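# Sequence below, structure please.
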Amino acid sequence: MTAAAPTIVATCGGLNPGTWTDAVYGPLLLHAIELADVTGRRPRVAHLNTAGGDQRSIEGTELEAARQAGVEASHVRFFPHPNVENLREHILTRDVIWVSGGSLVNLLAVWRAHGLDAILREAWERGVVLAGGSAGALCWHSGGTTSSYGPGLDAVADGLGFLPGSLGVHYDSDPNRRPVHEAAVASGALPPGFAVDEGVGLVYAGTGLVEAVTERAGQYAWRIEADGDGGDRGDVDRADAGDSGSPTARSVIETRLTPRLLPPVPSLPAPQSLPAPQSLPAPQSLPAPQSLPAPQSPLHPTDRPTFEEA
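Below is the predicted model of the structure:
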């Protein structure tokens, strides 16, 4: 089965710390799998860690988390070269593509060099759920703000463009994200769009937002729009962007969206303790060995019997 409509889940989430395993699939990742509507077999999830340089060290953790979730997981790598012989076939036969965070700029360059951008669009149109966190959420949009060039933040306006509009991530955890992103929207460097706090995801059907979801209470999504005339929007917040004394200064309208709280990840049973070994009975004492009779003295030559000759 595939999703009922082309579906994208753009998040600030993914794997969460485990209790007695290193990590587990978090509620946002599990929700993306749920939207794929797989029945009768294990869901197939392809992990793409291109933005992080395809580090092998994380793959074991992801595979263990997938096993715990009952998922058939694979990895698509591009360093030093693609590890999948038929990239299109592999992508089109997955139920969910999960893209991890890192460098948005590097991700886009590598994907385009290998033609993955076109393959992903085809997969999306066929009902494969596209999802990811951080750079793995930004990439589906027209653009967003990223630290790809480091150490500051920059607006990148050449995303894949499956979704119109921009996205801002880590809105509550990085104090620099909000002002930089809103300034980019206010100036027209980025189109209007959305932003998400940590643990929040946006679910799109086609190119329209269906709902915002979260794995943490008290977190929000935000609709970000430029407000060139500074008009009053009533139930929303206005934030100044840029120099308020400039005749071209514009403000940004933030509309707070309250996401639906997803159910927590079911706790895995802790391994049962082995029963304490039973005490072995104390060994019985062996009877003391009996003393052997003292050896008889050897015969003295004079004591030897004599024999008469016949």
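
# quick one: least confident helix or strand in the chain?
When the helices and strands of the chain are compared on mean pLDDT, DSSP states H and E, strand 237-241 comes out lowest with a mean of 54.

# Which strands border the helix or strand following that strand, and is each parallel or antiparallel?
Going down the chain from strand 237-241, the next helix or strand is strand 250-257, by DSSP states H and E. Strand 250-257 has the following strand partners under DSSP bridges: strand 221-227 (antiparallel), strand 237-241 (antiparallel).

# next one: strand 250-257 to chain centre, how far?
Between the centre of strand 250-257 and the centre of its chain there are 29 Å (C-alpha atoms, centre = their mean, to the nearest Å).

# strands paired with the helix or strand just after that strand, and their directions?
Counting by DSSP H and E, the next helix or strand C-terminal to strand 250-257 is strand 260-261. Strand pairing for strand 260-261, using DSSP bridges, gives strand 208-214 (parallel).

# Tabulate the CA atom coordinates of the partner strand in CSV.
Extracted in CSV, the C-alpha atoms of strand 208-214 (Å, rounded to 0.1, in the frame of the first residue of the first chain):
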residue,chain,number,x,y,z
GLY,A,208,-1.4,21.7,1.1
LEU,A,209,-0.9,21.6,4.8
VAL,A,210,-3.2,19.0,6.5
GLU,A,211,-2.2,19.4,10.1
ALA,A,212,0.7,20.0,12.5
VAL,A,213,1.6,17.2,14.9
THR,A,214,4.0,17.1,17.9
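
# Buried residues of it, list them for me.
Within strand 208-214, the residues scored as buried using 16 or more other C-beta atoms under 10 Å are 209, 212-214. Every C-beta, even on glycine, is put in place using the N, C-alpha and C of the backbone.

# for the chain, what are the low-confidence residue spans?
Scanning the chain with the threshold set as pLDDT under 70 gives 1, 229-249, 268-277, 279-283, 286-289, 291-310.

# where do the helices sit along it?
Using DSSP state H, the helices found in the chain span residues 27-35, 59-69, 87-92, 104-113, 116-126, 135-138, 177-187.

# which one of the ones you listed lies closest to residue 158?
Within the helices of the chain, the stretch nearest residue 158 is helix 104-113; the backing value is 7.0 Å (C-beta to C-beta).

# Show me what that closest one is packed up against.
helix 116-126, helix 135-138, strand 141-146, strand 154-156 (3 or more C-beta pairs under 8 Å, 6 or more residues apart in numbering; DSSP states H and E).

# which residues touch that helix?
Residues outside helix 104-113 that contact it (C-beta atoms under 8 Å, 6 or more residues apart in numbering) are 50-51, 53, 78, 99, 116-117, 120, 135, 138-139, 144, 146, 148-149, 156, 158-160.

# Please apply the same query to stretch 63-82.
Contacts for stretch 63-82 (C-beta under 8 Å, 6+ apart): 15, 18, 21-25, 30, 33, 42-50, 53-54, 59, 62, 83-84, 87, 90-91, 94, 110, 114, 268.
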